[in-house]
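Student: I would like to see how this sequence folds:
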Amino acid sequence: MFKEFKTFIMRGNVLDLAVGIIIGAAFTKIVSSFVSDVLMPVISLALGKVDFSNLFVALNGQTYDTLEAAKKAGAATLNYGLFINAIIDFLIVAFAIFMLIKAVNKVARKEEAKAPEMKECPECLSQIPLKARKCSHCGSLQASTLSSDRSPSSSMNV
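Tutor: Next comes the predicted model:
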């Protein structure tokens, strides 16, 4: 059973997933810091509030200066400011992932669209230019190129 577990863990996709989760967790910390330390002060300044994390409603009907004071008093609170921060965190992470996937897809499409420039010589298995008529390594004539160059349909205008 341990051997099967070791085989499962050592497969490439499990290791890739683990690395992705670790990097994702680190990236989330960076985004959270960016939102709370850089972005939210600017947004708070524009909206007239200093800190979104202190936006809350005490469900017992009393008013408290800070969320911490409400929690010390044991009041149940609806913390909509923290929720706003979480939404902004999510949107930034989602946008960053969207941009990353868009860039990866663009690179992948360029690689797909790129036609092969080389082919393998059937005689010596060396890589030669796709349009080569003769192998530069072994000197053999390339039959596929000769047959396509000399075919009657290639010289006819249709």
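Student: leaving out sequence neighbours, find the closest residue to Thr66.
Tutor: Sequence neighbours aside, Asn54 is the residue nearest to Thr66 in space, at 5.4 Å (criterion: Cβ to Cβ, 6 or more residues apart in numbering). Backbone N, C-alpha and C define where each C-beta goes, glycine included.
Student: my read: the one you found touches Tyr64, true?
Tutor: No - between Asn54 and Tyr64 there is no contact under Cβ atoms under 8 Å: 9.5 Å.
Student: ok, back up a step: could you report the neighbour count for the residue nearest to Thr66?
Tutor: Residues lying near Asn54 (other Cβ atoms under 10 Å) number 18.
Student: check Gly61 too.
Tutor: Residues near Gly61, counting by other Cβ under 10 Å: 7.
Student: who does the top helix by length along the chain touch, helix- and strand-wise?
Tutor: Longest helix in the chain by number of residues (criterion: DSSP state H): helix 80-113. Contact here means 3 or more Cβ pairs under 8 Å, 6 or more residues apart in numbering; DSSP states H and E; on that basis helix 80-113 packs against helix 12-33, helix 40-47.
Student: helix or strand right after that helix?
Tutor: Proceeding N to C from helix 80-113, the next assigned helix or strand is strand 118-120, under DSSP states H and E.
Student: parallel or antiparallel, which strands does that next one pair with?
Tutor: strand 127-129 (antiparallel) (DSSP bridges).
Student: and the partner strand, how far out from the chain middle?
Tutor: Offset of strand 127-129 from its chain centre (Cα atoms, centre = their mean, to the nearest Å): 35 Å.
Student: quick one: residues in contact with that strand.
Tutor: 117-121, 135-137, 142 (Cβ atoms under 8 Å, 6 or more residues apart in numbering).
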